[in-house]
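A.B. asks: Provide a 3D model corresponding to the input given below.
(2 chains)
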Amino acid sequence: MKRRDVLRCLGGVAVALPLLELGVGHVRAAEGEGRVIELEARRFRYTPNEIHARAGETLTLAIRAVDFVHGFSMPELGLRSDLPPGRVTRIRVADLPVGRWTFLCDNFCGEGHEEMNGMLIVEA
Amino acid sequence: MNSIDRRRFLELCGLGGGAVFASALTGCSSLGTAKSADASDFYFVQLSDVHWGFRGPENPDPIGTLPKAIAAVNALPRQPDFIVFTGDLTHTTDDPEERRRRMAEFKGVAAGLKVPTVHFMPGEHDASLDRGAAFQEYFGATHYTFDHKGIHFIVLDNVSDPGARVGTEQLEWLKADLERQDKDAPIVLFTHRPLFDLVPKWDWATRDGAQVIATLMPYRNLTVFYGHIHQEHHHLTGHIAHHSAKSLMFPLPAPGSQEKRTPLPWNPAVPYQGLGFREVDAEPRTAHLAIQEFPVVAT
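C.D. replies: Numbers count the residues shown, from 1 in each chain, chains lettered A, B, ... in the order given. This is a model prediction of the structure:
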């Protein structure tokens, strides 16, 4: 998907730009990414599965899947991406609104799939 | 799109007065006039979300619930023309051998139905880990059509893709099938997941469901029956009504009513509460469908 197509698909209060970063090791922040939160996606859990942020903050979620093409979906903010294993998928979220925003794996990954979810908690 | 509760749905269709278990199914429109020479009245039974192989406190009778439902169907005073299982025949397992064992057991128990014609379709628990391979070994195709007494039935697979997509190929198949139908033809579509965004944060959606609904919209007398959400629910997308069915293993909470979609606990004071099946009465000549809900165990 081209960058402009990704942006066209999203819109609304949050802007996501899934980028792929090859390799392993510490994930560095790039310009404009805001605070970078590293997550691991593994059957059947995100680690961490609870993220705290401030209203208006910009975050980049740097998610490394290790065992499956998990999904990352935060439908209430219009965000989703596949998470190919062996890569870091970066999802940028700008101008976070106050709320409790569920994220979940939306690619059926096995017996514990339905428990693979987490929460982004944005406070004023 | 708008969600509607049962009372409102009945009101919309002018069936509120005394018609406790009946509802018109295509919004308030008719089904159209069936053109089949054999368009006599009939009914079918929808069973859903059996989750054979599930073990947990949410159902202390996991191997007895389906037989009880089958006994209830077999005891209906007049037998349905056919039965449809709308997916999640088995509870998922990462072990392919165990998956097949559960399917074989389920198939053996379902063979206790007196009605000879039974249509099966997969849920994500059956098909998403192997793209429907085991399901097809035991039950055949995951999407297909059939006609019965003037009504065209479509079985649509939105679970074999682990990303909950119907997919381009099946969507083209659906369009080709629908192009052969009259725009007023009575059509019933069975699928597992909701085609509309019911509660996406609970995974109660189909990723390309909007494309499917857009494909269905020109057909004025089309009704959708599905499973997945383990409760009766009624919803309209334009003129198309979507009706979900109860489970035969454990009920789930009302859409979006709590943070997580954890199963509702077993109520020892009211065993099998929230579980059940439905019959759908079809009158092709008078262009009407009606739902009647049944519990697993009569109280």
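
A.B. asks: tally of neighbours for A:Glu38?
C.D. replies: Residues near A:Glu38, counting by other C-beta atoms under 10 Å in any protein chain shown, number 14. Every residue, glycine included, has its C-beta placed from N, CA and C.

A.B. asks: pretty sure it is touching A:Leu59, no?
C.D. replies: No - counting by C-beta atoms under 8 Å, A:Glu38 does not reach A:Leu59; the two are 11.3 Å apart.

A.B. asks: Now the residue of the stretch 1-150 of chain B at minimum distance from chain A. Nearest residue, chain neighbours left out?
C.D. replies: Closest contact between the stretch 1-150 of chain B and chain A, by C-beta to the nearest C-beta, is at B:Ser128 (3.5 Å). The shortest distance from B:Ser128 to any non-neighbouring residue, by C-beta to C-beta, 6 or more residues apart in numbering or on different chains, is to A:Phe108 (3.5 Å).

A.B. asks: tally of neighbours for the one you found?
C.D. replies: The burial count for A:Phe108: 24, using other C-beta under 10 Å.

A.B. asks: quick one: contacts for it?
C.D. replies: Counting by C-beta atoms under 8 Å, 6 or more residues apart in numbering or on different chains, A:Phe108 touches B:Thr92, B:Glu124, B:Ser128, B:Leu129, B:Val159, B:Pro162, B:Gly163, B:Ala164.

A.B. asks: Counting neighbours, which of the residues you listed comes out on top?
C.D. replies: Counting neighbours by other C-beta under 10 Å, B:Val159 leads these with 29 neighbours.

A.B. asks: Please report how far it lies from B:Arg165.
C.D. replies: Per C-beta to C-beta, to the nearest Å, B:Val159 is found 10 Å from B:Arg165.

A.B. asks: Who is residue 52 paired with across the strands?
C.D. replies: Assuming you mean chain A. A:Ile121 (DSSP bridges).

A.B. asks: Sorry, I should have been clearer: chain B.
C.D. replies: Beta bridges link B:Trp52 to B:Thr90 when assigned by DSSP bridges.

A.B. asks: Quick check, pLDDT for it.
C.D. replies: Here the pLDDT value assigned to B:Trp52 is 98.

A.B. asks: Test my guess that it contacts B:Thr90.
C.D. replies: Yes - when contacts are counted by C-beta under 8 Å, B:Trp52 is listed as touching B:Thr90 (4.7 Å).

A.B. asks: could I get the contacts of A:Phe108 as a markdown table with secondary structure?
C.D. replies: Shown next, in a markdown table, are the contacts of A:Phe108 (DSSP: H, G, I helix; E, B strand; the rest coil):
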| residue | secondary structure |
| --- | --- |
| B:Thr92 | coil |
| B:Glu124 | helix |
| B:Ser128 | coil |
| B:Leu129 | coil |
| B:Val159 | coil |
| B:Pro162 | coil |
| B:Gly163 | coil |
| B:Ala164 | coil |
